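1. Next one to model:
(one chain, ligands or ions: 2)
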Amino acid sequence: MTVSEQPVRRREDYDGVSPFPGTVEHAPAGRAQRWLTGTIVVVPFVALGLGVWLAWGHGVALTDLLLAAVFYVVTGLGTTVGFHRLLTHGSFTARPWLRVVLAVAGSMSFQGNVIDWVATHRRHHAFTDRPGDPHSPYRYGTSLYGQLRGLAHAHLGWMFTDDPTPASRYAPDLLADPAMVRVARAFPALCAVSLGLPFLAGWAISGSLFGGITAFLWAGLVRVALLQHVTWSVNSLCHVVGSRPFTTRRHDRSTNLWPLALLSFGESWHNGHHSEPTCARHGLDRYQIDPAAGLIRIFERLGWATDVRWADHDRIEGRRRTDASPEARAPAGL
Ligand SMILES: [Zn+2]
Ligand SMILES: [Zn+2]
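-> Ligands and ions are numbered 1, 2, ... in the order given. Here you go, the predicted model:
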């Protein structure tokens, strides 16, 4: 089939290779939103550069690295186990207090409030890699230029466009949950806590204000930047680069990308996830390391998580790609 020269006019006409209809007309977000998003995105990233510059030749204090690791793990698991597997997909039922704890921990990762995060992600699953997807790397088509632009859009650019996802449509269950509404409203305060706690911990442990400032830099800002970009890489890279062992819906080009598995707590087994979205485990194959699934297993043993949707072997095998279907043959991007 040749690529159509004409822009696609309607969603149902989408052919899988053209830019999404309406892409050209899409307006940028309002000034206030752009500034807010810019701050949330740019400040941690600049801090990453500053941290590397300061550490050059001097190294980093062990305290700062350990604190950064602790905050990375807590906020990362809050995002993957809480925001994603529990609240977006209902992969298990958590005790009410655990639900709140996970939502609070996820909110501290500077990725937006819990209700908006869930709504956006559900929309991504509803329209994966076709018109309507809030962050598809195929938005600008599958030419090399389109693909590069699409990767930038899926990673970061989508947050700067005026394309809100209505929570009333995509996350009515969370809007009806007073605890989640409270956590969502507390998002700005939780961001402050996320940076303030490392500062206080560093100050207390080192006994000096300078120790507090370096902990703020490494366990606060740099940790936020690293987790942000790992999470966003799942949106960008994990739809372009990697393997596609399982069948997904039409146009869905999600991939498994092993190098990100540990840092993303198992989220980069993204093809497995898109194939079985409600499964509590994303690494569907043996040896696919999935720390988030490990934590859910611990919660289950402790009696804190029930109705966990674990992978069904026969069902998974039934979804394994064996034929050369069009999506399997499609070039995996870059
Ligand atoms: Zn995806
Ligand atoms: Zn998902």
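
2. did I read that right, A311 in a helix?
-> No - using DSSP: H, G, I helix; E, B strand; the rest coil, the assignment for A311 is coil, not a helix.

3. And it, how close does it get to E317?
-> To E317, A311 is 10 Å away according to C-beta to C-beta, to the nearest Å. (C-beta placed from N, C-alpha, C; glycine too.)

4. neighbour count winner among these two?
-> More crowded of A311 and E317, by other C-beta atoms under 10 Å: A311, with 17 against 11.

5. For the more buried one, list the residues it contacts.
-> Shown in contact with A311 (C-beta atoms under 8 Å, 6 or more residues apart in numbering): E276, C279, R281, L284.

6. can you redo those as JSON lines with secondary structure?
-> What follows is the contacts of A311, written out as JSON lines (three-state DSSP):
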{"residue": "E276", "secondary structure": "coil"}
{"residue": "C279", "secondary structure": "coil"}
{"residue": "R281", "secondary structure": "coil"}
{"residue": "L284", "secondary structure": "coil"}
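
7. out of the residues you listed, what pair is the most spread apart?
-> The most widely separated members of those are E276 and R281, with 8.7 Å between them, by C-beta to C-beta.

8. Between those two, tell me which one has more neighbours.
-> Per other C-beta under 10 Å, whichever of E276 and R281 has more neighbours is R281, with 24 against 21.

9. Show the model's pLDDT score for that one.
-> With respect to pLDDT, R281 scores 97.

10. next one: T2
-> Note on T2: pLDDT of 37.

11. same deal with the one 10 residues further on?
-> E12 carries a pLDDT score of 64 in this model.

12. go on, A328?
-> A328 carries a pLDDT value of 48.

13. Could you do the one 4 residues further on as well?
-> A332 carries a pLDDT value of 46.

14. For the stretch 151-300 of the chain, just list every one of the strands.
-> Using DSSP state E, counting those that start in this stretch, the stretch 151-300 of the chain contains no strands.

15. got the contact list for stretch 103-117?
-> Against stretch 103-117 from outside (C-beta under 8 Å, 6+ apart): 40, 44, 71, 74-79, 82-83, 87-88, 120, 165, 167, 171, 174-175, 179-181, 183-187, 190-191, 193-194, 224, 227-228, 231.

16. List only buried entries from the residues you listed.
-> Buried members of these, counted by 16 or more other C-beta atoms under 10 Å: 40, 44, 71, 74-79, 82-83, 87-88, 120, 165, 167, 171, 174, 180, 183-184, 186-187, 190-191, 194, 224, 227-228, 231.

17. Among the residues you listed, which lie within helices?
-> Under the assignment DSSP state H, these contribute 40, 44, 71, 74-77, 120, 167, 174, 180, 183-184, 187, 190-191, 194, 224, 227-228, 231 to helices.

18. what about F110, neighbour count?
-> 23.

19. pretty sure E300 contacts R309?
-> No - using C-beta atoms under 8 Å, E300 is not in contact with R309, being 11.0 Å away.
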